[in-house]
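# Just need the structure, nothing else, for what follows:
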Amino acid sequence: MASHTATMGNLPSGIGICTTIPDILYLPELIFGGLVWILVACTLVVPENPQGWVMFVSVFCFVMTFIWLVVFACGGHHNKGSWAAADFAYHGIAAFFYLSASVALAKVTLDMKDGSSFQNYQLDISAVVFSYVATLLYFIHTILSAIRWKSF
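The predicted structure is shown next:
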């Protein structure tokens, strides 16, 4: 009689996070999130409220993704299913935050097309593009984390 065992999910640790999906997305998330942070910090922050939200999201997600990367690299998850669920939840929240920040930043950038310096406008356009790329990366990571979570 053949044995039918379900395959358990596996959370990587160490250098394995650089070779497995979705964990390979940590580095691009950090790079594009850092670029959003830098570009928004370089521009004239007017109006303050939407730009402040974009700064909060980019800094928060950068720091939390770095902490998440370190926890996974050190094996602090102990290959538990609850960490797979937390990975899914965090990346879902980050994708939602980045989407809201991207929309707000795009609106502010469109509004400043005529009334601001051209250099600030170009920096904001770059920040909008990188913000949407970060949103896409976090969204893909969320989908792939959900698939991994369901395998536990």
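
# For the rest of this, base every contact and every neighbour count on C-alpha atoms.
OK.

# Name the single longest helix found in the protein.
Counting residues, the longest helix found in the chain (DSSP state H) is helix 118-150.

# what's the spacing between stretch 68-87 and its chain's center?
How far stretch 68-87 lies from its chain's middle: 16 Å, per Cα atoms, centre = their mean, to the nearest Å.

# ugh, wrong one, stretch 136-152
With Cα atoms, centre = their mean as the basis, stretch 136-152 stands 12 Å off its chain's centre.

# what mean pLDDT does it have?
Stretch 136-152 shows a mean pLDDT of 92.

# Show me where the chain dips below the pLDDT cut-off.
Scanning the chain for pLDDT under 70 picks out 1-9, 45-46, 48, 115-116.

# hmm, try it at 50
1-7 (pLDDT under 50).

# so what's the spatially most central residue of it closest to, chain neighbours aside?
Note on the chain: the residue nearest the mean C-alpha position is Tyr138, at 4.2 Å, using Cα atoms, centre = their mean. Leaving aside its chain neighbours, Tyr138 sits nearest to Ala95 (4.9 Å; criterion: Cα to Cα, 6 or more residues apart in numbering).

# That neighbour sits in which helix or strand?
For Ala95, the host element (DSSP states H and E) is helix 81-111.

# got the angle for that helix vs helix 118-150?
With axes from the mean of the first three to the mean of the last three Cα atoms, to 10 degrees as the basis, helix 81-111 and helix 118-150 are set at 160 degrees to each other.
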